[in-house]
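Visitor: Pasting the sequence and the predicted coordinates here, then a few questions.
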Amino acid sequence: MTGQRTHTIDRGVAEGRELRRLLETGPFADALRAAIRARGLGLDRIRYRLRGRGCSVSLATLSHWQSGRCRPERPESLLVLKNLEEVLGVPPESLSRLLGPPRGRAARCTVPGEGMVMPRNRDT
């Protein structure tokens, strides 16, 4: 084996250990970011796969979740999170259990349009 390949394998093993640790201890944003990195998918790709499962979420929302600016709390967001765990290949509820109890209203994320459903105009 070459040194480069060994370094890549070692890094992958270390990332796997770090992901397992974060899934056990949190915090949520760090665990989500590690799971995304381990899966090797960009947020666009993740959003596309979630859409294929009937879950609509904005790139901004995914970005805010992984940066820790906000976290999923609404019922629609928790459904997205359940599907996100499957897309990322992490154990069921491994991310959602890191959320803890809901925070107060003032601490919630205020991503424009999150959770909003726009009615379709029947005339178009």
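Guide: Thanks, I have it.

Visitor: For the residue nearest the centre of the chain, which non-adjacent residue is closest in space?
Guide: For the chain, the residue nearest the mean C-alpha position is residue 32 (5.0 Å; C-alpha atoms, centre = their mean). Closest residue to residue 32 apart from its sequence neighbours, by C-beta to C-beta, 6 or more residues apart in numbering: residue 66 at 4.8 Å. C-beta: built from backbone N, CA, C; applies to glycine.

Visitor: nearest residue to residue 94 other than its sequence neighbours?
Guide: residue 23 is the one closest to residue 94 (C-beta to C-beta, 6+ apart), at 4.5 Å.

Visitor: and what of residue 79?
Guide: residue 55 (6.5 Å).

Visitor: same check, this time on residue 102
Guide: That would be residue 73: by C-beta to C-beta, 6+ apart, it lies 5.2 Å from residue 102.

Visitor: does that neighbour sit in a helix, a strand or a coil?
Guide: Under the three-state scheme (DSSP: H, G, I helix; E, B strand; the rest coil), residue 73 adopts coil.
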